[in-house]
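Enquirer: quick one, what's the 3D model for this:
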Amino acid sequence: MAKSGARPIGDKLALQIEHHCDKPAGWIDEAREPSGLTPAEQQFLAQALKTYRGTNSDGRKRLRQWLKEFGG
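Expert: Numbers count the residues shown, from 1 in each chain. I've put the predicted structure just below:
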């Protein structure tokens, strides 16, 4: 559930992940820019976020449904 984002991970699990990945304590909580995205992907995500934020709850629900149907 933590992997899917359905439930946030706790401090203990976060520390274990950091330890096993040789990262300093608190590393998992640092904000990062997405990496590996092409400019076209970044542009698409920015437009999708703008659209999502610019509509009401019904519009967001329809957008999510359309994306699910489109993605198969």
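
Enquirer: where do the domain boundaries of the protein fall?
Expert: Following automatic domain parsing, one finds the domains of the chain at 1-32, 37-72.

Enquirer: in a markdown table: these, plus mean neighbour count and mean pLDDT.
Expert: (C-beta placed from N, C-alpha, C; glycine too.) Below are the domains of the chain laid out as a markdown table (neighbours: other CB atoms under 10 Å; pLDDT from 0 to 100):
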| stretch | mean neighbour count | mean pLDDT |
| --- | --- | --- |
| domain 1-32 | 10 | 85 |
| domain 37-72 | 10 | 91 |
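
Enquirer: so where do the helices sit in the protein?
Expert: Assigned helices in the chain, in chain order: 11-20, 39-53, 57-71 (criterion: DSSP state H).

Enquirer: possible to save the ones you listed as a markdown table with distance to Ile28?
Expert: Formatted as a markdown table, these follow (distance: least, CB to CB, whole Å):
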| stretch | distance to Ile28 |
| --- | --- |
| helix 11-20 | 5 |
| helix 39-53 | 22 |
| helix 57-71 | 27 |
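
Enquirer: closest to Glu33 out of the ones you listed?
Expert: Closest to Glu33 of the helices of the chain is helix 39-53 (CB to CB; 9.8 Å).

Enquirer: who does the closest one touch, helix- and strand-wise?
Expert: In terms of contacts (3 or more CB pairs under 8 Å, 6 or more residues apart in numbering; DSSP states H and E), helix 39-53 is packed against helix 57-71.
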